[in-house]
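Chemist: Dropping the sequence and predicted coords here.
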Amino acid sequence: MKRLMNLTPSKPLSIFLSLLPFVLVFFLYGSLSNARLAENPNDKLLPSFSQIGSAIDRLAFNEDKRTGKYILWADTQASVLRIAVGVTISAALGLTIGLFTGLIPLARANLSPIITIISLIPPMAILPILFISFGLGELAKVMLIIVGTAPVIIRDIQMRVLQLPSEQLIKALTLGASTWLVALRVVLPQILPSLLSSMRFSLGAAWLFLIAAEAIAAQEGLGYRIFLVRRYMSMDVIFPYVIWITTLAFLMDFSLKRLSQVCFPWYHSNENGK
């Protein structure tokens, strides 16, 4: 008799089980929305699917009369650019400093304490400092993402370097390799997959910091639009925007995962449906 933990679903069953929660949420929302609207047609808390569709059509496929832009796509462009720049800079800092501190004990003793302290500072607590220091423009928003994600990536990369078998480093040094060559030819190829994984795990926090910054000081962006319409209880706009943000985050995560699988298949060889 097979134990429950040893039962593996077939491909069709796996797809069905994956879609089932979304279908249930869809029907549950439809039922609750219909019930509330039947009681009060002017209710704004749970708009109908047709109302949501009308809002999407207005924001995504009709030019705004005031700005001449398609609002959803303008907001998407602004937010995606900010988060792409922020996460990319964080990844570059994480790779450089994490490799440096992980490989060189003197650097680790000097920099690890301050990096640990910075990583424990709630980024939202220093948001006013960032706005005062860098103004209300794009730099402050990007800096919030960097401050919130770079220290975590640095610590993760440093840990990955320290986990490498010491025999590899000793053999390379015995064969005459310099510290720079060991870092470039031995350590770097092995931690690049970990860097992509760290970037994936930092996306959720990066979106959180971005939405918070846009809500406080921005003229366009997905977070800015959500907090702009909340005063009017425009749930027909807020729901699609939340779903769209989630979709963008998923696509970014999926893209990084596929990039890692294509570039570093050896790293994923032992994965089982992860």
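Modeler: Alright, I've got the coordinates.

Chemist: Need phi/psi at Gln219.
Modeler: phi -110, psi -10 (degrees, to the nearest 10).

Chemist: Could you measure from it over to Ile146?
Modeler: Separation of Gln219 from Ile146 (CB to CB, to the nearest Å): 21 Å. All C-beta atoms are positioned from the backbone trio N, CA, C, and that covers glycine.

Chemist: Comparing these two, which shows the higher neighbour count?
Modeler: Between Gln219 and Ile146, counted using other CB atoms under 10 Å, Ile146 has the larger neighbour count: 23 against 10.

Chemist: tell me which strands and helices the helix or strand hosting the more buried one is in contact with?
Modeler: According to DSSP states H and E, Ile146 maps onto helix 138-162. Helix 138-162 sits against helix 71-103, helix 105-120, helix 127-134, helix 188-216, with contacts defined as 3 or more CB pairs under 8 Å, 6 or more residues apart in numbering; DSSP states H and E.

Chemist: Out of the ones you listed, which gets the lowest mean score?
Modeler: The minimum mean pLDDT among the helices and strands packed on helix 138-162 belongs to helix 127-134 (a mean of 88).

Chemist: who's in contact with that one?
Modeler: The contact list for helix 127-134 (CB atoms under 8 Å, 6 or more residues apart in numbering) reads 140, 143-144, 147, 212-213, 216-217.

Chemist: and what of stretch 73-90?
Modeler: By CB under 8 Å, 6+ apart, the residues outside stretch 73-90 that reach it are 60, 67, 138, 141-146, 149-150, 153, 199, 202-203, 206-207, 209-210, 214, 218, 220-225, 241, 244-245, 248, 252.

Chemist: Can I get that stretch in PDB? Just the C-alpha atoms.
Modeler: The C-alpha coordinates for stretch 73-90 follow below in PDB (Å, rounded to 0.1, in the frame of the first residue of the first chain):
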ATOM      1  CA  TRP A  73       0.500  50.700 -19.800                       C
ATOM      2  CA  ALA A  74       2.000  54.000 -18.700                       C
ATOM      3  CA  ASP A  75       1.800  52.900 -15.100                       C
ATOM      4  CA  THR A  76       3.200  49.400 -16.000                       C
ATOM      5  CA  GLN A  77       6.100  50.900 -17.900                       C
ATOM      6  CA  ALA A  78       7.000  53.200 -15.000                       C
ATOM      7  CA  SER A  79       6.800  50.500 -12.300                       C
ATOM      8  CA  VAL A  80       8.600  47.800 -14.300                       C
ATOM      9  CA  LEU A  81      11.500  50.200 -15.100                       C
ATOM     10  CA  ARG A  82      11.900  51.100 -11.500                       C
ATOM     11  CA  ILE A  83      11.900  47.600 -10.200                       C
ATOM     12  CA  ALA A  84      14.100  46.300 -13.000                       C
ATOM     13  CA  VAL A  85      16.800  49.000 -12.300                       C
ATOM     14  CA  GLY A  86      16.500  48.500  -8.500                       C
ATOM     15  CA  VAL A  87      16.800  44.700  -8.600                       C
ATOM     16  CA  THR A  88      19.600  44.700 -11.200                       C
ATOM     17  CA  ILE A  89      21.700  47.100  -9.100                       C
ATOM     18  CA  SER A  90      21.000  45.000  -6.000                       C
END
